[in-house]
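Asks: The sequence and its predicted three-dimensional model are supplied below.
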Amino acid sequence: MVDTQPSLATNLGGLLLSAPTLMGSGCYGSGEEYAPFIDLARIGGVVLKSVTRLPRLGNDAPRLVPVASGLLNAIGLQNPGIDSYLANDVAKFADRPCAIVGSVAGFAIEDFGDVTERLAARAEIDAIEINISCPNVAHEGETFACDPKLAERATQAARARTKKPLIVKLSPNVTDIASIARVVEAAGADALAVVNTVRGMSIDVDRQAPKLGNVTGGLSGAAIRPIAVLAVWEVARAVRIPILGQGGIETARDALEFVLAGATAISVGTGNFTDPRAPITIADGIRAYLAARGCASIEEIVGAANPGYLARR
Amino acid sequence: METPCMPALEMSPAVHATVVSDRREPAPGIVIVGVRAPQLAASIRAGQFVMAVPPSGERVSTALGVYEVEGDRVSLMLVVVGPRTRELALLSDGDSLALLGPLGNGFDCDSLGDDVALVAGGVGVAPMLLPARDLVARGARVTLYYGARTARALVDIALFEAVGATVVTATDDGTLGHHGYVTDVLARDGARHSAIAACGPSPMLRSVARVARQLDLRAQLSLEETFACGVGACWGCVVPLDRSSAQAPKFPDAAAGESRDYVHARICKEGPVFWAHELRW
Ligand SMILES: Cc1cc2nc3c(=O)[nH]c(=O)nc-3n(C[C@H](O)[C@H](O)[C@H](O)COP(=O)(O)OP(=O)(O)OC[C@H]3O[C@@H](n4cnc5c(N)ncnc54)[C@H](O)[C@@H]3O)c2cc1C
Ligand SMILES: Cc1cc2nc3c(=O)[nH]c(=O)nc-3n(C[C@H](O)[C@H](O)[C@H](O)COP(=O)(O)O)c2cc1C
Ligand code: FES
């Protein structure tokens, strides 16, 4: 046993977090929506809903289908566009008692540079995550994160325009995520978010038609957890920059799987739709786990189950 | 048509850790679960809803209307249609159940006039008891047009009569009341009403909207959609709404080619109750 409580503080590529728990982009609004249910001071931070250059109405309904152990979604990046976002929304984020990470999505390489620069220039924003992996909108039929060249150029475009910590969000819908991770690291990312949703669909057998308005969607929640843990494991062996692990994290033990695979911090998305108290029980559970093992800090166990990760540090 | 906006309610939503106090099954596949939830009982308004945290194994919380409220007890009506309602319907006395609420805007009972038609299809009856009670309490005449597949699925008619509503029924199979849709009865007899408030499956609500237009009545519809967060965070539960609606989220004109005269409003946040004539569905 240690005398003092183990520290949950961590450093995600220059983004200092009081707890290793970020709330996943698109799942948590700006934090204010969940403030009635949870003390935001006890989470590490919120990754904001992705914003694009122009306003987007998003996909037609239905946008959500609960499925076995998870959720299919096809929101389609509904957002007011960066102009309106900067004018009307960003100032409100100033009073959040946790880190605020802006999320940028795009349809052209320049979008990642332009929108990142304008958003990162704001003091309310502590770091930028670029969402190059949304499965529900595509760049000429291809997701940036699924093509090493596009992933590299999108990362370079954003890197060139901000000095704030830059997180690049990878897609699990690839054959070799480690090779994409290496390219993105070389292009200047400070951290990697691993992973976005897994492509999927569900069909209404009575109507004999797809259930989602967008036909296809992204699968999240417990259903994708083993896929996500493996992705973190593989990426952790391939790069030196820290990893923000996510995909189906609901409990402290789920979160610890990601940490032990090599994640420095974790995100909770769909887990909030199960129970908004999850981020608190996760942080408390991680702390208890560390205390029971005599660890002073979460940093001591990052990658502990991944020899390939440890060999690279 | 003049369209006052839904009330901006002073909400104090919270997570309520409740305990199941009672359970009854008025018809096969329909279960009413009572819980002790003093703060929720004190703050919930007609037409607001709660998100029920899955008690065992399901992943996404379930949106539920609040049925009865008396003292520190509230009850939920479950119609078992899938895994989540099945799981909740298995709750029994002493079990714990976490509820988030109150959520959503609720009905604007004040702007419904004094001869109100409440229209409910199936489980859409659940959020109708509170407005029935409130409307009667402020002196309005209340008629509940209540439709279901079959007589057995029309539950608790006596409870609605006990709060002072007149109940008109319809069944798809003709086993009770009008043989056919409850909206047929509304179309035939509804002209005398001051306004309509309705909850039920989308096809029924669309037909309520049509009848309301024919009768030149305003209608408030409580919409159904799959929710994930229920608190306005995920934008998963949208309905196309007139840009000019007082409930429309402030949203800039979209890019060329995407510019429309509607916006996507969140049913869980801006709704679930909308004016029928402002919907673009
Ligand atoms: C504001 C609001 C208030 C609500 N209030 C209540 C309430 O008080 N009580 C209540 O019971 N529900 C209520 N609902 C509806 C409830 O939240 C949904 O029905 C929820 O999706 C049920 O989850 P489930 O997992 O049981 O079913 P799901 O699997 O999510 O099923 C959703 C829909 O798909 C259809 N469906 C699913 N499986 C099949 C199948 N095999 N064949 C044919 N159709 C199928 C069902 O008919 C159902 O309508 C409310 C919804 C909203 C938005
Ligand atoms: C409803 C919904 C909306 C999402 N929107 C975004 C988004 O706008 N940008 C983004 O980068 N990821 C988005 N995601 C992906 C999540 O941030 C997260 O990476 C993914 O869901 C896996 O984690 P989880 O299983 O904990 O939800 C969304 C996920 C869901 C379920
Ligand atoms: S269910 Fe998430 S915004 Fe309505």
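Replies: Yes, it's here. All values derive from a computational prediction rather than experimental measurement. Residues are numbered from 1 along each chain as shown, chains lettered A, B, ... in the order given. Ligands and ions are numbered 1, 2, ... in the order given.

Asks: Could you report the neighbour count for the residue in the stretch 101-250 of chain A that ligand 1 sits nearest to?
Replies: Of all residues in the stretch 101-250 of chain A, A:Asp206 sits closest to ligand 1, at 5.2 Å by Cβ to the nearest ligand atom. The way it works is simple: take the backbone N, C-alpha and C, and place the C-beta from them, glycine included. Using other Cβ atoms under 10 Å in any protein chain shown, A:Asp206 has 6 neighbouring residues.

Asks: residues touching A:Leu40, list them.
Replies: Taking Cβ atoms under 8 Å, 6 or more residues apart in numbering or on different chains, we find A:Leu40 in contact with A:Gly31, A:Tyr34, A:Val46, A:Arg96, A:Pro97, A:Cys98.

Asks: Out of these, which is nearest to B:Leu215?
Replies: For the contacts of A:Leu40, the residue nearest B:Leu215 by Cβ to Cβ is A:Tyr34; the value is 41.7 Å.

Asks: mind listing what the nearest residue to that closest one once chain neighbours are set aside touches?
Replies: Nearest non-adjacent residue to A:Tyr34, counting by Cβ to Cβ, 6 or more residues apart in numbering or on different chains: A:Pro276, 5.6 Å away. Shown in contact with A:Pro276 (Cβ under 8 Å, 6+ apart): A:Tyr34, A:Phe37, A:Ile38, B:Val15, B:Leu100, B:Val231.

Asks: one more time with 7 Å, if that's ok
Replies: By Cβ atoms under 7 Å, 6 or more residues apart in numbering or on different chains, A:Pro276 lies in contact with A:Tyr34, A:Phe37, A:Ile38, B:Val15, B:Leu100.

Asks: And for B:Cys109?
Replies: Residues in contact with B:Cys109 (Cβ under 7 Å, 6+ apart) are B:Ala46, B:Pro131, B:Asp134, B:Leu135.

Asks: Which single strand of chain A contains the most residues?
Replies: Ranked by number of residues, the top strand in chain A under DSSP state E is strand A:99-105.

Asks: buried ones in the helix or strand containing B:Ala170?
Replies: Using DSSP states H and E, B:Ala170 maps to strand B:166-171. Judged by neighbour count (16 or more other Cβ atoms under 10 Å in any protein chain shown), strand B:166-171 contains these buried residues: B:Val167, B:Val168, B:Thr169, B:Ala170, B:Thr171.

Asks: Can you verify my assumption that the first one contacts B:Ala158?
Replies: I take that to be B:Val167. No - the pair B:Val167 / B:Ala158 is not scored as a contact, 8.8 Å apart, by Cβ atoms under 7 Å.

Asks: I figured A:Met23 hits A:Val46, correct?
Replies: Yes - counting by Cβ under 7 Å, A:Val46 is a contact partner of A:Met23 at 4.7 Å.

Asks: who in the stretch 101-250 of chain B is up against ligand 3?
Replies: Counting by Cβ under 6 Å from any ligand atom, the stretch 101-250 of chain B comes close to ligand 3 at B:Phe227, B:Ala228, B:Cys229, B:Gly230, B:Gly232, B:Ala233, B:Cys234, B:Trp235, B:Gly236, B:Cys237.

Asks: How about the contacts made by the second one?
Replies: What that stands for is B:Ala228. B:Ala228 touches A:Leu64, A:Leu71, A:Phe273, B:Val60, B:Cys234, B:Gly236, counting by Cβ under 7 Å, 6+ apart.
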